[in-house]
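**Q** What shape does this take:
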Amino acid sequence: SHNQITALHASWLCLPSLHRLALRQNKIHHILLDVATNEYRCNESLCELYLGQNRLSDFPFQLTKKLSLKLSKLRLLDLAANALEDVSSDIVECCPMLQRLDLSENNLQDLPAELAMVDSLQSLIVTGNPLRRMKRSVINNTVQLKQYLRNKLPVPVECEVATLNNAINQLDRLDHAMNGSELKLNQQNLLVLPPLKTPQMLHLCHLEVNENKLQSLAELANCKRLRFVSAIKNEIKNIDGLLDLDELEVLDLRSNKLSETEMSNIEHNIWPQLHSLRVGFNVMRNVSVLLEKIGSRKMSVLDIGNNRISEFPACILQWTQLQVLDATNNDLSDVPFE
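**A** Modelled structure (predicted):
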């Protein structure tokens, strides 16, 4: 520790009798690899590895499909105060016996859900990262953090089939309901929306699909009478299928994976009846293109907080009915006043 070392060869991690390696407070920015080596194995000796306060932008948990790093007995890994932007899900196979992992003070915006599969992990430190999708109470509690990550793990195929069948059964029961205008499929582990029959599309007005694993809502394009859509805590990446819903009044897409919205092919205004839009806790950098297309004069609630927005959407200054605006925790440096 406390030297001027700029690189570390992976072979150092594999010395047969090495138990503890401390290289904190150096200038290490790269771990050198020998591509002729098929596998780096630490001979089950290295238990503690300290690489905190260096300049690493990545750690080779998985090098390539043919080249991997095995630290099968590692109990403690300190990667604090580096420049990490990502942690590979292969950490589970690389370090299956980890008890303490320090990733604090890096540039991580997300964590691999697979960390929840490391049963031995007792201390997971991630403070000081821009983890905007996580509550502070979760970040500061390893038990809650592992549970949060466990909930993000892919659903087994047999569970997917069962939950999809349950959803289809709910849709079938809509045929016997009085009007079939409301559908709630919260916490069903759905990866896709169940197929909607034509009569159901025509009558559906209220849809809730919170806390599933949906990646798209494109199937809703023909549900022209939809007024209320809530899809909180999914994995939705775009709003395709929603742009032509002219009767939409409330849209809640918080805690998804929304990024940029492609509007170049949209020549008309959208959502003339909308009064509440919530898209907080996503990864959007620019919302102006979307908001400028909203034709409603009734907008009263807008939540764009906890994104990566750097430019304030000036168009909302024309929304005279706006009562609630949440733009917290973004990258804004200036807010226009007129």
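**Q** ranges for the strands of the stretch 101-250 of the chain?
**A** Along the stretch 101-250 of the chain, counting by DSSP state E, counting those that start in this stretch, strands occupy 123-125, 182-184, 206-208, 228-230, 250-252.
**Q** Just list what the second one packs against, helices and strands only.
**A** Translated: strand 182-184. With contacts defined as 3 or more CB pairs under 8 Å, 6 or more residues apart in numbering; DSSP states H and E, strand 182-184 has these neighbours: helix 157-174, strand 206-208. (Glycine included, C-beta is placed from N, CA and C.)
**Q** between these, which has the poorest average model confidence?
**A** Sorting these by mean pLDDT places helix 157-174 lowest, at a mean of 52.
**Q** isn't His19 right up against Glu48?
**A** Yes: here His19 reaches Glu48: they are 7.2 Å apart, a contact under CB atoms under 8 Å.
**Q** Check the contact lists of the two and give me the overlap.
**A** Here His19 and Glu48 have no joint contacts, going by CB atoms under 8 Å, 6 or more residues apart in numbering.
**Q** neighbour-wise, which of the two wins?
**A** More crowded of His19 and Glu48, by other CB atoms under 10 Å: Glu48, with 15 against 10.
**Q** for the more buried one, phi and psi?
**A** Main-chain dihedrals, Glu48, degrees, to the nearest 10: phi -130, psi 130.
**Q** who does it bridge with?
**A** Arg20, Leu76 (DSSP bridges).
**Q** any idea how far Cys14 is from Lys257?
**A** Distance from Lys257 to Cys14, counting by CB to CB, to the nearest Å: 37 Å.
**Q** Could you do Ile125 as well?
**A** From Ile125 across to Cys14, the span is 26 Å (CB to CB).
**Q** repeat for Gln122
**A** From Gln122 over to Cys14 (counting by CB to CB), the distance is 26 Å.
**Q** what do you get for Gln25?
**A** In terms of CB to CB, Gln25 sits 23 Å off from Cys14.
**Q** What count of nearby residues applies to the residue lying closest to Ala221 once chain neighbours are set aside?
**A** The spatially closest residue to Ala221, leaving aside those adjacent along the chain, is Gly241, at 4.2 Å (CB to CB, 6 or more residues apart in numbering). For Gly241, the neighbour count with other CB under 10 Å is 16.
**Q** Look at the spatially closest residue to Ile5 that is not a sequence neighbour and give its secondary structure.
**A** Distances taken as CB to CB, 6+ apart place Asn26 nearest to Ile5, at 4.2 Å, with adjacent residues excluded. Counting by DSSP: H, G, I helix; E, B strand; the rest coil, the backbone at Asn26 sits in coil.
**Q** Do I have it right that Asn26 meets Tyr50?
**A** No: assessed by CB under 8 Å, Asn26 is found out of contact with Tyr50, at 10.4 Å.
**Q** which stretches of the stretch 151-300 of the chain aren't confidently modelled?
**A** Within the stretch 151-300 of the chain, the segments meeting pLDDT under 70 span 154-180, 196-201.
**Q** change it to 50
**A** Where the stretch 151-300 of the chain drops to pLDDT under 50, the residues are 157-159, 173-179.
**Q** Look up how far Ser216 lies from Gly241.
**A** The gap separating Gly241 from Ser216 is 7 Å, by CB to CB.
**Q** do the same with Ala231
**A** In terms of CB to CB, Ala231 sits 10 Å off from Ser216.
**Q** do the same with Leu46
**A** Going from Leu46 to Ser216 by CB to CB gives 44 Å.
**Q** Comparing the two, which residue is more hemmed in?
**A** Leu46 (24 against 17).
**Q** I figured the more buried one hits His19, correct?
**A** Yes: Leu46 is within contact range of His19, at 6.7 Å (criterion: CB under 8 Å).
**Q** beta partners of Leu8?
**A** Those that pair with Leu8 in a beta bridge, by DSSP bridges, are Ile31.
**Q** so it sits right up against His29, yeah?
**A** No: using CB under 8 Å, Leu8 is not in contact with His29; the gap is 9.6 Å.
**Q** So for the two, which sits in the more crowded spot?
**A** Neighbour count, other CB under 10 Å: between Leu8 and His29, Leu8 has more, with 19 against 16.
**Q** Quick check: chain neighbours aside, which residue is closest to Pro21?
**A** I think there's a mix-up here, since residue 21 is Leu and not Pro. Spatial nearest neighbour of Leu21, chain neighbours left out: Leu49 (5.4 Å); criterion: CB to CB, 6+ apart.
**Q** Help me confirm that the one you found comes into contact with Arg75.
**A** No: with contact defined as CB under 8 Å, Leu49 does not count as touching Arg75 (9.4 Å).
**Q** Settle it for me: which of the two has more neighbours?
**A** Remark: of Leu49 and Arg75, Leu49 carries more neighbours, 23 against 17, as counted by other CB under 10 Å.
**Q** List the contacts of the nearest residue to Leu149 once chain neighbours are set aside.
**A** Nearest residue to Leu149 in three dimensions, chain neighbours excluded: Ala116, at 4.0 Å (CB to CB, 6+ apart). Listed by CB under 8 Å, 6+ apart, the contact set of Ala116 reads 146-147, 149-150, 152-153.
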